[in-house]
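>>> heads up, no residue letters with this:
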């Protein structure tokens, strides 16, 4: 991540997508070993579906309590774009809008959830990815 930060916000975003996907894949694998047969929220499939979308891939992904969110800033405080997607215990996914806050739907696949979030992104130019004040760009 330090090397990515030295190259700028776009590289930080790409490095974090890769890091986030690998860390959740690892957590899922550990869960399968420690708790075989117990369900695990569909965060890995969700990250794969979101990463396949160029408009979302430009944003900084982060998770909170299994929910996936997208920011146009690469560090806290986040500038959340669109909404969030939360994998549920029953295998479905809940999509929430950020402003005004509210549930806009519950769907059965990661691809459907990603499609709903894409609809929430502002039309027009893509958001500009910004770095925090302590990042050297």
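That came in fine, so what should we check first? The model shown is predicted, which means the values in this text are computed figures rather than measured ones.
>>> Tell me where the model's unsure across the chain.
1-5, 7-8, 124-128, 130-137 (pLDDT under 70).
>>> Pull out the buried positions in the helix ranked longest in it.
Counting residues, the longest helix in the chain under DSSP state H turns out to be helix 9-34. If you call a residue buried by 16 or more other C-beta atoms under 10 Å, then helix 9-34 has these buried ones: 9, 11-13, 15-17, 20-21, 24. Where C-beta positions appear, they are placed from N, C-alpha and C, glycine not excepted.
>>> which one of these sits closest to residue 51?
Residue 51 lies nearest to residue 17 out of the buried residues of helix 9-34, by C-beta to C-beta, at 5.7 Å.
>>> thinking again about what came up before, mind putting the buried residues of helix 9-34 in JSON lines, distance to residue 65 included?
Output for these, formatted as JSON lines (distance: C-beta to C-beta, whole Å):
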{"residue": "9", "distance to residue 65": "25"}
{"residue": "11", "distance to residue 65": "27"}
{"residue": "12", "distance to residue 65": "23"}
{"residue": "13", "distance to residue 65": "22"}
{"residue": "15", "distance to residue 65": "23"}
{"residue": "16", "distance to residue 65": "18"}
{"residue": "17", "distance to residue 65": "19"}
{"residue": "20", "distance to residue 65": "14"}
{"residue": "21", "distance to residue 65": "18"}
{"residue": "24", "distance to residue 65": "13"}
